[in-house]
Every structure is written in structure tokens, then in C-alpha cells.
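Visitor: Build me a model:
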Amino acid sequence: MFYFLFLSFAKVIKINEISSENMNNHAIRGLLACKSSNNRPTLAAKGTEIDYPHGFQQLFTLLYNRQKIFINSDEIVQICRMEYRFAIIGCGRIADRHAAQIATMGKLIAVCDNDVAKAATLGSLYNATAYSSIEDLLEKEQAVNIVSICTPNGLHAKHSILALQQGKHVICEKPLAINTKDAQLMIDTAKLQDRKLFVVKSSRFTPCIQALQAIIEKKELGTIYSFHLNCVWNRPNAYYADSWKGTTALDGGTLYTQFSHYIDALIWLLGEVEEVSGFRSNAAGKKIAFEDTGAVALKMKSGAVGTIHYSVNAFERNQEISLNIVAEKGTITLGGACMNEVVYQHPTLIDSTAEMPHTSNSNHESIYQHVLQALEGKESIITEGESALKTVALIEKIYQQIPL
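Guide: The predicted structure follows:
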């Protein structure tokens, strides 16, 4: 008797459409097939196609533990559950958010940081093996199928590509990379390896931003004439001290590290940019390799014009992230700490009395939910590499065309 056990990166494999009529020569791709041999299971390679043999005339459906099992006297096809198995590369502060979400949706089995103490600390919280080398982790932890990249910006490309080349799906923290050449190489590698490259773009999961995007998509605002994005946070010199932050090679710039979420939101809402001009300066004389302040004028491909003002010199604490849009059929301003509140609108287009629960720019719970939905073939708005490349391209364009 042969047993075929089908596993996927999804928690539940939906094969309810398979019946006695369409079972013949049906191929399932991208699964792990386990076939018995002398009562000892052997694991087939990823991507193996299993062609069902002819003659499934007697097919019975059993319901066991809320899972359908298709069975006849010769073969068994079972729907089963499987944990998602994760590794985290980079064990700084942002890794804690990733680990917390992973614990609710799968199992964190390995972590890695060149600071052995950081890796050991995070690993001990989740009973995960700690490594100081990503190459060692990828070689030894073959069971990992999703890798979360939480290293400094300038290492995202290197670490994501290593994981993709080992057949892992990748969740990369923002920004995707700090130049378009690296970003494109990441995308190309994901395509070559037939793996997914997801990017953390948390603002797309903020309710009022989602509501505004739907309004714009339905053209309820009519023609958009102009806009202003204001990003004002506080990052004192202590924030950059003894850190990769503030360096050209690993940080890349204020727009990459502090405000790329909102650059992404601007593109998501208003489309791509045609022209840029403006000014950048290290106004407060911070000990960093780039600007702490910028004023950018933009002309969108849609014809709308607008500005981005950004600064990390707010006195003592973060001030706001706000977006004002002036359009043919309405004016609206989103504001708050992370562009998470409706500050002004006329006419009323967004129900501002509805609960807007997200008060930070994290939204990692929603991000991980949508990653798993995408892997299961369900509807998802998770950002993938091609879309995230647009943010990198705009920031790169601003930095290339506006001298410091």
C-alpha cells in the first residue's frame, strides 16, 4: 500500500475540488511528497509533481478531526496541518516584533546576529537555536521555510539573496534595499528561485490610509490637484551614537530609515513620480553622513504637484506624520503620530468615528497575516519586491538629484 502525505507552506491545503471525475492525471505542484518504502518514509524534492494514477473510481470522503481525507483501498491523500518554520536574521529591537508575531502563527526555530549575546537572548525567549553566521544557519536549519530579515538596511540585499538562494521565502524589513541595483537583484533572485520576497510596508495596513486609498481608487475625490507630506520626528545624536545608523553604507539616509513607510504610502495613494527638485541639509549639524532635513517638490505622473517636508529635529519628541490632499471633489488631511488619524475632511468621506486601532507604524500582526494569506494563495495586500522597488527608486532619485 502506498501512502501519499501532502504538505505545504499553508496551514491547510485545500484540495476539496479533487473528485473521482477529475482525479485522473491530476498534478499537484510545489508540495513535499512523502512516499512509504519498506515502511520508512522518504522525502521527495520540492516542486515534485505527483500524477495521480488512473482508476480512482471508488473514492470515499471521510471527515476526521475537521479535515477531509480522500481514500480508497490503494491510496490515501490526507489534508494535514503544518507549522510555518521561521528564522530571523538580525536580533535588534525590530526583531522582537517579528518574533512575537511568528510565535502566534508558526515556530521560530533559529535566530542569527553577529552579536552572539543578542542572538542568544532572543533565541532563549522562543527556544530557538542561536547563530552568529547566516551561512551556518541556512546550511544547518534545512527545515526553515521563511526567513525574516531584520539586519541594517545596507545588508538587506545580501542576506535576502542568501536566503532566497537556499529556497526560502523572505520577509524583508523596510527598506527593501538602499539602491535600485541591489533591490532589482533581490527581485530577480526571488523569481529565479521561485520564492516570495515580501517587504514590510506597514502604512498600507493603517485603517485610515486604507480607507483613503479606496476613495482615491474609486475616484471619489475626482482629480487630485496637490498634496503635502509632512514628516517630523525626533532623532537626537544619542540615537546615532555607536551605531550603524547615520552611516552611508548601512543606513543610507533619513528617507530610507525614518520615512520610507510614508514615501511608500504616498506612491500607493497617488502613483509614481515624474520630477523632483528641492533642498537637503544637515541643519542641526548631527554626527551623520547625510541630511537631517529636506524639502522636496514633486510632480506626479498624474499631473498632481506637491511637496515633502521631513526632519528628525523635532524638539524632544516626535511631532507628526501628516498628508494633506487637495482635490476636485474634496480636501482631506491624515495626521497623528504615524498618519493614523483623520484630522480634516470635507466632505465627509471617511468615517472618522470608526475605530482606528493602530497607534504606531508597526502593524506587524497584519503584515504576517497577509504574508501567510499570500503563501496560501488567498487575497492579500502584502507588499512584494516589485512594488517596494518604487519606494527605493524615488528615494534614490531624490538623493541623486538634490545635493546635500
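
Visitor: OK, contacts around residue 294?
Guide: Counting by CB atoms under 8 Å, 6 or more residues apart in numbering, residue 294 makes contact with 254, 255, 278, 279, 280, 281, 308, 309, 310, 311, 398, 402. Heads up, the C-betas are built off the backbone N, CA and C, glycines and all.

Visitor: host element of it?
Guide: strand 293-300 (DSSP states H and E).

Visitor: got the contact list for the next helix or strand along the chain from that strand?
Guide: On the C-terminal side of strand 293-300, the closest following helix or strand by DSSP H and E is strand 305-311. By CB under 8 Å, 6+ apart, the surrounding residues in contact with strand 305-311 are 225-233, 254-255, 258-259, 263, 266, 270, 278, 283, 292-300.

Visitor: Now do the helix or strand just after strand 305-311 against strand 305-311, angle only.
Guide: Scanning forward in sequence from strand 305-311 by DSSP H and E, the next helix or strand is strand 320-327. Here the directions of strand 320-327 and strand 305-311 differ by 170 degrees (axes from the mean of the first three to the mean of the last three CA atoms, to 10 degrees).

Visitor: for strand 320-327, what is the average pLDDT?
Guide: In this model, strand 320-327 has a mean pLDDT of 98.

Visitor: returning to that earlier point: buried set for the strand holding residue 294?
Guide: 293, 294, 296, 298, 300 (16 or more other CB atoms under 10 Å).

Visitor: Make JSON lines from those residues and add pLDDT to it.
Guide: Below are the buried residues of strand 293-300 laid out as JSON lines (pLDDT from 0 to 100):
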{"residue": "293", "pLDDT": "98"}
{"residue": "294", "pLDDT": "98"}
{"residue": "296", "pLDDT": "98"}
{"residue": "298", "pLDDT": "98"}
{"residue": "300", "pLDDT": "98"}
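
Visitor: Kindly indicate which of those lies nearest residue 373.
Guide: residue 300 (30.4 Å; CB to CB).

Visitor: what residues are up against residue 287?
Guide: 237, 240, 241, 246.

Visitor: Excluding sequence neighbours, find me the nearest residue to residue 310.
Guide: residue 231 (4.0 Å; CB to CB, 6 or more residues apart in numbering).

Visitor: Kindly report the same for residue 318.
Guide: residue 233 (4.3 Å).

Visitor: ok, how many other residues are close to that neighbour?
Guide: When counting by other CB atoms under 10 Å, one arrives at 19 neighbours for residue 233.

Visitor: Show the buried residues in the contacts of residue 294.
Guide: 254, 255, 280, 308, 310, 311, 398, 402.

Visitor: Dump those into TSV; add pLDDT and distance to residue 187 as well.
Guide: Shown next, in TSV, are the buried ones among the contacts of residue 294 (pLDDT from 0 to 100; distance: CB to CB, whole Å):
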residue	pLDDT	distance to residue 187
254	98	25
255	98	20
280	98	28
308	98	25
310	98	27
311	98	32
398	98	21
402	98	26
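
Visitor: Switch those residues over to a markdown table; also include distance to residue 213.
Guide: Output for these, formatted as a markdown table (distance: CB to CB, whole Å):
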| residue | distance to residue 213 |
| --- | --- |
| 254 | 25 |
| 255 | 21 |
| 280 | 29 |
| 308 | 18 |
| 310 | 21 |
| 311 | 26 |
| 398 | 23 |
| 402 | 27 |
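
Visitor: Out of the residues you listed, flag the one nearest to residue 162.
Guide: Once CB to CB is applied, the member of those that ends up nearest residue 162 is residue 255, at 26.2 Å.

Visitor: Test my guess that the closest one contacts residue 262.
Guide: No: counting by CB atoms under 8 Å, residue 255 stays clear of residue 262, with 9.2 Å between them.
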